[in-house]
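Undergrad: task: produce atomic coordinates for the following.
(one chain, ligands or ions: 1)
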Amino acid sequence: MYAIIGGSGLAKLSALSNVRRQVMRTPFGEPSGAITIGTFAGRDVVFLARHGYGHTIAPHEINYRANIWSLKELGVQGVIAVATVGGVRAEYGPGTLVVPDQIIDYTHSRKSTFFSGTDAAVVHVDFTQPYSVGLRALLLSAAARCGEPVFDGGVYACTQGPRLETAAEIERIARDGGDLVGMTGMPEAALAREVDLEYAALCVTVNHAAGRGSSAQRIELKELDEVMQTTVKRAVCVLDSAVSHAPAAGGAP
Ligand code: HPA
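TA: From the prediction side, this is the model:
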């Protein structure tokens with residue numbers, strides 16, 4: 001069974017049917033909301049709205065540990081994370097879909113590991129490839145079946161938020177090799193790795209990052225909504241195709 005974590009613009013998966021809700025409590029507190037379990041693309045799917053169903057939880061206040069722990073507890077094998085981003089690289093303009101392959105983490109002060117405290121052995125997980133190769137391939141082939149152009153790869157730079165970046169910060173991110181900028185990719189991806197959940201992201205670019213392209217002077221937040229709605233709709237088609245072609249539990253990812 002796969003989970004979809006919906007970000008801005010995807011607080012609800014309206015194509016989910018036979019829906020039931022499951023309230024979860026974890027050793028790390030409560031997730032962003034009740035977990036929704038239902039049928040999507042003919043398969044059992046778990047859905048969670050990252051920012052809460054009323055979109056009230058800011059990126060730095062999301063309980064990423066409770067979210068990932070809950071999905072693991074429910075027996076999920078993989079997580080497809082949908083996230084809106086700003087485009088740093090010129091080709092990643094508003095309305096593009098990207099399946100990133102790398103991450104740079106600029107966040108701070110977030111609870112970013114399950115392995116804390118002094119009463120257990122120190123654990124380091126390999127994170128060389130932060131996204132599941134199999135799940136990335138599933139998303140890319142799904143996009144091809146939908147006829148949706150999607151960029152294969154890109155470095156997701158995760159900033160702390162909730163404010164948007166300065167032009168100089170985006171310049172620095174570009175120099176570091178960042179292609180996309182968002183606020184929620186970390187520690188979500190790392191926590192998924194810590195509990196052995198496959199994890200990949202489908203990013204929806206809604207604006208040029210600060211100081212670039214149409215955001216040269218400022219980011220017009222009012223204008224983001226429309227592109228977000230239309231692009232998220234395209235992303236849902238990709239999700240549908242990915243889930244319907246996903247390998248069953250124990251199969252090759
Ligand atoms: N920066 C950070 N996060 C974002 C952006 C951005 O420009 N657009 C959408 N999410």
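
Undergrad: CA atoms for contacts and neighbours, from now on please.
TA: Fine.

Undergrad: look up phi and psi at the closest residue to Q160 other than its chain neighbours.
TA: Spatial nearest neighbour of Q160, chain neighbours left out: T107 (4.4 Å); criterion: C-alpha to C-alpha, 6 or more residues apart in numbering. Dihedral pair for T107: phi -80, psi 160, per degrees, to the nearest 10.

Undergrad: so how far is A192 from T107?
TA: 17 Å (C-alpha to C-alpha, to the nearest Å).

Undergrad: what's the answer for E61, then?
TA: 18 Å.

Undergrad: ok, G117 next?
TA: 19 Å.

Undergrad: who has more neighbours out of the two?
TA: The neighbour comparison of G117 against A192 (other C-alpha atoms under 10 Å) goes to A192, with 26 against 8.

Undergrad: and the residue most central in space within the chain, what is it in contact with?
TA: Centroid check for the chain by C-alpha atoms, centre = their mean gives A81 as the closest residue, at 3.2 Å. By C-alpha atoms under 8 Å, 6 or more residues apart in numbering, A81 lies in contact with 4-7, 199-202.

Undergrad: which helix or which strand is home to it?
TA: Of the helices and strands defined by DSSP states H and E, A81 is found in strand 78-87.

Undergrad: beyond that strand, next helix or strand please.
TA: strand 97-99.

Undergrad: the helix or strand just after that next one pairs with which strands?
TA: The element immediately downstream of strand 97-99 (helix or strand, assigned by DSSP H and E) is strand 102-105. Sheet pairing of strand 102-105 (DSSP bridges) gives strand 155-158 (parallel).

Undergrad: good, wrapping up.
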